[in-house]
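J.: everything below, folded, please.
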Amino acid sequence: MSPIPEIAEPGPAPAAGPDARPARPATTSVLRAPLLAGAAVGAATLLVALRDPHVRGSYGFCPLLELTGLACPLCGGLRATHDLAHLDLAGAWSANALWTVAAPVVVVLWLTWLVAAARGRPVKGLSSTAGWVTLGVALAFFVARNLPVLQPYLTPWT
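T.: Numbers count the residues shown, from 1 in each chain. Below you'll find the predicted structure:
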């Protein structure tokens, strides 16, 4: 009499490669973070699009600018966002050139996060190198926009 072979129970298909993970279907909980972040940023952008920050004092003031006269890397960001929402690229560039370039990058990063979440793939965080590069670019922009020779081109109040 021969032994009865054991029947393996069905399970998930093995992944291809040592680090590969099978894609999980998207669930509401996986999509919650990117969708909430997108909704919050969308609502804030809508507010800035509807209430013009070009009107002095409409959104407060920059403490660094008021105390020192130096424009920080964020100065003019609300005006640039307003102009971008109205598709005025020249106005956005004159308000904050750095944000005019960075805003589309932020949108692409958010879309990447959303698609990865929808496909059930883990989203890896940005490396520390990306953080240091971002900080370096912001500091370089801060210095450049406060140089007298570049102020007519990079400051939001000219």
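
J.: got the contact list for the closest residue to R145 other than its chain neighbours?
T.: Nearest in space to R145, with sequence neighbours left out and distances taken as CB to CB, 6 or more residues apart in numbering, is L154 at 3.7 Å. Glycine gets a C-beta too; all of them are placed from N, C-alpha and C. By CB atoms under 8 Å, 6 or more residues apart in numbering, the residues touching L154 are 71, 97, 141, 144-145.

J.: make it 10 Å
T.: Residues in contact with L154 (CB atoms under 10 Å, 6 or more residues apart in numbering) are 71, 75-76, 93-94, 96-98, 141-142, 144-147.

J.: do you know how far A37 is from A138?
T.: Applying CB to CB, to the nearest Å, the value for A37 to A138 is 21 Å.

J.: kindly report the same for A44.
T.: Counting by CB to CB, the gap from A44 to A138 is 20 Å.

J.: so the two - more neighbours on which side?
T.: A138 (15 against 12; other CB atoms under 10 Å).

J.: gap between that one and L50?
T.: From A138 across to L50, the span is 28 Å (CB to CB).

J.: now the strands for this protein?
T.: In the chain, no strands are defined using DSSP state E.

J.: nearest residue to the middle of it?
T.: Geometric centre of the chain, nearest residue: V106, 3.0 Å, by CA atoms, centre = their mean.

J.: any idea how far that one is from L50?
T.: As judged by CB to CB, V106 and L50 stand 21 Å apart.

J.: how many neighbours does L111 have?
T.: 12.

J.: swap in the one 10 residues further on?
T.: Under the neighbour criterion other CB under 10 Å, R121 is assigned a count of 15.

J.: offset the numbering so it begins at 11, please.
T.: Got it, first residue is 11 now, which makes that one R131.

J.: my guess is it contacts L124. True?
T.: No - using CB atoms under 10 Å, R131 is not in contact with L124; the gap is 11.4 Å.

J.: so, low pLDDT: which residues of the chain?
T.: 11-37, 167-168 (pLDDT under 70).

J.: what do you get if the cut-off is 90, keeping everything else the same?
T.: 11-41, 43, 64-76, 79, 123, 126-127, 129-141, 161-168 (pLDDT under 90).

J.: can you give me the helices in it?
T.: Under the criterion DSSP state H, helices of the chain are mapped to 38-60, 73-78, 87-95, 99-105, 107-128, 138-155, 161-164.
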